[in-house]
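Undergrad: What shape does this take:
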Amino acid sequence: MGAPDSLFGVFGTTWYHKLPLPGVAEFVKKWQAANKDGPIPVPGNVSYNGYMSTRELLRAIERAGSTNNVKIIKELESLKVSATDRMQHFDAYMDPMTHQMQQTIYLARRNAKPADNTDLFEIISWTEPKSAADDAAPGKCKLTPYEQVPTVDS
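TA: Numbers count the residues shown, from 1 in each chain. You can find the predicted model right below:
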């Protein structure tokens, strides 16, 4: 979420707990119920991405019908998640060449008029994944071929 005094300039994020999108308020309530004694009052970008990555890993295991790592990798490489399911403005997808999750990117700044003590960001714009893709990544990222990946299956 960030400390109010540390927020300055314009910065990027992939999620915010005040996005007016389907599922966001419910996600926040469930997170708060599970973390009511914790020091962080609402889920932030890191908590959101941790939840989403774990959820998609478990879904990939189910689709693969296996815990074989190569089968799971292949499932994740074809991952597509609707905007509604990700609580973002645009659909997201895994780039199979880089393993980067291509998702909505939000530009934000410190909120000058917060609605409450957790309302630290003002979202000023967002862009679709294709527009924010790192065009240099495919040339720099060299994934190990499947045949060379040690296979693990529990």
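Undergrad: got the contact list for Val24?
TA: Applying Cβ atoms under 8 Å, 6 or more residues apart in numbering to Val24 gives the contacts 17-18, 87. All C-beta spots, glycine's among them, are computed from the backbone N, C-alpha and C.
Undergrad: Just among those residues, which is most surrounded?
TA: Each of the contacts of Val24 was scored for neighbours by other Cβ atoms under 10 Å, and His17 scores highest at 23 neighbours.
Undergrad: For that residue, which non-adjacent residue is closest in space?
TA: Val42 (4.5 Å; Cβ to Cβ, 6 or more residues apart in numbering).
Undergrad: and that neighbour, what are its phi and psi?
TA: When read as degrees, to the nearest 10, the backbone of Val42 gives phi -140, psi 160.
Undergrad: does it really touch Lys30, like I thought?
TA: No. If you go by Cβ atoms under 8 Å, Val42 and Lys30 don't touch, sitting 11.5 Å apart.
Undergrad: In this protein, where is pLDDT below threshold?
TA: 1-8 (pLDDT under 70).
Undergrad: quick one, helices of it?
TA: 24-34, 45-64, 69-77, 83-86, 129-132, 137-140 (DSSP state H).
Undergrad: Now do the contacts for the residue nearest in space to the middle of the chain.
TA: Within the chain, one residue has its C-alpha closest to the average C-alpha position: by Cα atoms, centre = their mean, that is Asn49, at 3.7 Å. Residues near Asn49 by Cβ under 8 Å, 6+ apart: 14-15.
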